[in-house]
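Novice: Just to be clear, the model below is a prediction. Sequence and coordinates:
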Amino acid sequence: MSGPRRLSVPRRVAVRAGEDGLPLEVDGRAVDGVRESWLLEDRWWTERPLRRRYWELVTVCGRNEVVFHDLLSGRWWRQR
């Protein structure tokens, strides 16, 4: 029997961001507003530290998105 499954596994996402890093489009959908943004820095003491900028967004079609930019790899991910 396997253990519990993870509910919110990050998935790669296409984000177009401005020069300041602010997401302008997520998967081709324009961003209407930013609810919140925060920086996460963790596991700095390990060989695989985390450094991410999270964005809670609303797209023009009313969809709520949480995406993050992995500041070490440069990749964008959808959290939910």
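Specialist: Here it is on my side, so go on. Note that the structure is a prediction, hence the values are computed from the model and not measured.

Novice: which residue ranges form the helices in this structure?
Specialist: Using DSSP state H, the chain contains no helices.

Novice: Relative to the strand of greatest length in it, what are the paired strands and their orientations?
Specialist: In the chain, with assignment by DSSP state E, the single longest strand is strand 29-42. Strand pairing for strand 29-42, using DSSP bridges, gives strand 23-26 (antiparallel), strand 50-59 (antiparallel).

Novice: who touches that strand?
Specialist: Here strand 29-42 makes contact (CB atoms under 8 Å, 6 or more residues apart in numbering) with 22-25, 49-64, 68. Quick note: C-beta positions are derived from backbone N, CA and C, even for glycine.

Novice: Thr59 versus Leu50, what's the distance?
Specialist: 26 Å (CB to CB, to the nearest Å).

Novice: Same question for Asp27.
Specialist: From Asp27 to Thr59 the distance is 9 Å (CB to CB).

Novice: So between those two, which is more surrounded?
Specialist: Per other CB atoms under 10 Å, whichever of Asp27 and Thr59 has more neighbours is Thr59, with 18 against 14.

Novice: my read: that one touches Val26, true?
Specialist: Yes: the pair Thr59 and Val26 passes the contact test of CB atoms under 8 Å, sitting 6.3 Å apart.

Novice: which residues are in contact with both of these two?
Specialist: Joint contacts of Thr59 and Val26 (CB under 8 Å, 6+ apart) are Glu65.

Novice: what's the pLDDT at Met1?
Specialist: The per-residue pLDDT reported for Met1 equals 57.

Novice: Also Pro4?
Specialist: pLDDT at Pro4 comes out at 77.

Novice: Equivalent analysis for the one 5 residues further on, please.
Specialist: As predicted, Val9 sits at a pLDDT of 89.

Novice: likewise the one 4 residues further on?
Specialist: Model confidence at Val13, given as pLDDT, is 98.

Novice: dump the residue contacts of it.
Specialist: Counting by CB under 8 Å, 6+ apart, Val13 touches Val26, Asp27, Val67, Trp76, Trp77, Arg78.

Novice: wait, doesn't Asn64 sit right on Glu56?
Specialist: Yes: the pair Asn64 / Glu56 is scored as a contact, 7.3 Å apart, by CB under 8 Å.
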